[in-house]
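Undergrad: whatever this is, show me its structure:
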Amino acid sequence: MPHPPSTQFSSLTHLIQQAAEKKHLVALQTPLTATVVASFLDRIEFVETINAALTWDQSQWRVSPGNLGKALVLLPFIHSGSRLPIYSIFEHYQG
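TA: Now for the predicted structure:
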């Protein structure tokens, strides 16, 4: 369902202001391609397969290796703009 024109305009204005101030752009919706890829990864049990194949200490990691792998697979479908180096993923997606 489309947003009312005033809401669309305010969202566009907000994005333009962020770009002008050279802030990270904030997506208001998850891209469809990322949703489809995430659904496919869930169907093939990607996270569970990676976690079962690796030995890892759950007390030392907040995120499982499978979820880290899933994040790396989904990153190109979510990030728009210039290429994002892996070492700076945390900086761009921190809340």
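Undergrad: G66: neighbour count?
TA: Residue neighbour count, defined by other Cβ atoms under 10 Å, stands at 20 for G66. The C-beta positions use only the backbone N, C-alpha and C, and glycine is treated the same way.
Undergrad: one more: the one 4 residues further on?
TA: One way to gauge burial is a neighbour count; for K70, by other Cβ under 10 Å, it gives 19.
Undergrad: pretty sure it is touching V47, no?
TA: Yes: in this structure K70 lies within contact range of V47 using Cβ atoms under 8 Å: 5.6 Å.
Undergrad: common neighbours of the two, please.
TA: The contact sets of K70 and V47 overlap at L41 (Cβ atoms under 8 Å, 6 or more residues apart in numbering).
Undergrad: tell me which element G66 is part of?
TA: Counting by DSSP states H and E, the element that carries G66 is helix 65-78.
Undergrad: so for that helix, what gets flagged as buried?
TA: 66, 69-70, 74, 77-78 (16 or more other Cβ atoms under 10 Å).
Undergrad: tell me the helix or strand right after the helix or strand of the chain with the lowest mean pLDDT.
TA: Of all the helices and strands that make up the chain, helix 5-20 has the lowest average by mean pLDDT, DSSP states H and E, namely a mean of 60. Beyond helix 5-20 in the direction of the C-terminus, DSSP H and E gives the next helix or strand as helix 32-43.
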